[in-house]
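Student: Task: produce atomic coordinates for the following.
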Amino acid sequence: MIANEDLEDTSAPLMEHLIELRQRLMYSIIAIAIFFLICFYFATELFNLLVIPYQWGAGTTEVKFIYTALQEKFFVDIKIAFFGAMFIAFPVIATQIYKFVAPGFI
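Tutor: Model prediction:
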């Protein structure tokens, strides 16, 4: 069993934990932002990729979607880009979570 003195030597003060958490969150947010920009650039291609199962179900390749609001296409592109960014950046996010939590398991 670990003695009280050893436990106090290995524990970091609250501010160090908060600084470490902020650093890990910033790395995750930067990764999401970079992948968001990449996915937003390819949002139309990603949308066409997501529509393929619908085309198979409809039995035709000429499927038309209509937008009922002026900004709807823009918001659909943003949603697709954000989902794609979260999907692609997940390994970075999971690594940052592990790097923050792992020292507590030692």
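Student: going on from the helix or strand hosting residue 39, what's the next piece of helix or strand?
Tutor: Element membership of residue 39, judged by DSSP states H and E, is helix 14-41. Reading on from helix 14-41 to the C-terminus, the next helix or strand found by DSSP H and E is helix 43-58.
Student: by contact count, what packs against that following helix?
Tutor: Secondary-structure packing of helix 43-58 (3 or more C-beta pairs under 8 Å, 6 or more residues apart in numbering; DSSP states H and E): helix 72-101. (Each C-beta comes from the backbone N, C-alpha and C, glycine too.)
Student: go with 10 Å
Tutor: Applying 3 or more C-beta pairs under 10 Å, 6 or more residues apart in numbering; DSSP states H and E, one finds that helix 43-58 contacts helix 14-41, helix 72-101.
Student: buried ones in the shortest one?
Tutor: Residues of helix 14-41 classed as buried: 24, 28, 31-32, 35-36, 39-40 (neighbour count, 16 or more other C-beta atoms under 10 Å).
Student: circling back: export the helices and strands packed on helix 43-58 to a markdown table and tack on distance to residue 61 and mean pLDDT?
Tutor: Formatted as a markdown table, the helices and strands packed on helix 43-58 follow (distance: least, C-beta to C-beta, whole Å; pLDDT from 0 to 100):
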| stretch | distance to residue 61 | mean pLDDT |
| --- | --- | --- |
| helix 14-41 | 24 | 95 |
| helix 72-101 | 20 | 96 |
